[in-house]
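1. Need a 3D model of the sequence below.
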Amino acid sequence: MLPAAVVPGGLSETQPATPEIQRIVDAVKQQFEIRVNKICHIFTAIVYRAQVVAGINYFIKVQVADDDYVHLRVFQALPHENQGPSLVSFQTGKTRDDPLTYF
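-> Numbering: from 1, shown residues only. Okay, here's the model as predicted:
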């Protein structure tokens, strides 16, 4: 599901997280926990941006503790490829007010 103002290759405007975005975040939670070597008891999507490529890159701000946020870059392949979301990259040490930008 994409916001209406997505331009192929460009990032959409920042949008509030939807149930679909939370499902994507839930799907990559274990990938994130393995890479940072810790368990996250909170893993809540806050906002996101999308980039249409040969699939979709999602840039998602996720709350992982009371005052601790991470930015995730998640790739979702095209539907006919039958692949789940994949955690491409992440940034830790973010705050609720940090802008969600390309990385």
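2. Secondary structure element holding the residue nearest to the spatial centre of the chain?
-> In the chain, the residue lying closest to the centroid (CA atoms, centre = their mean) is I60, at 3.0 Å. Per DSSP states H and E: I60 is located in strand 55-65.
3. Walk me through which strands that strand pairs with, and which way each runs.
-> Applying DSSP bridges to the sheet, strand 55-65 is found paired with strand 44-53 (antiparallel), strand 68-76 (antiparallel).
4. Contacts for the longest one next, please.
-> Spelled out, it's strand 44-53. Residues from elsewhere that reach strand 44-53 (CB atoms under 8 Å, 6 or more residues apart in numbering): 2-3, 6-17, 21-22, 24-25, 56-63, 69, 96, 100, 102. Glycine gets a C-beta too; all of them are placed from N, C-alpha and C.
5. quick one: average confidence on it?
-> Averaging pLDDT along strand 44-53 gives 94.
6. For Q91, which of the strands paired with strand 55-65 is the nearest?
-> Among the strands paired with strand 55-65, the nearest to Q91 by CB to CB is strand 68-76 (4.4 Å).
7. Next, the residue of the chain most remote from its centre: phi, psi?
-> Among residues of the chain, the one most distant from the C-alpha centroid is H80; the distance is 21.1 Å, by CA atoms, centre = their mean. Backbone torsions for H80, taken as degrees, to the nearest 10, come to phi -70, psi -10.
8. and it, what pLDDT?
-> 84.
9. Could you pull up the residues touching it?
-> Contact partners of H80, counting by CB under 8 Å, 6+ apart, are absent.
10. what's the neighbour count on the residue nearest to K29 when sequence neighbours are not counted?
-> Setting aside the residues directly before and after it, K29 is nearest to F43 in space (CB to CB, 6 or more residues apart in numbering), at 5.0 Å. Other residues near F43 come to 20 when the count uses other CB atoms under 10 Å.
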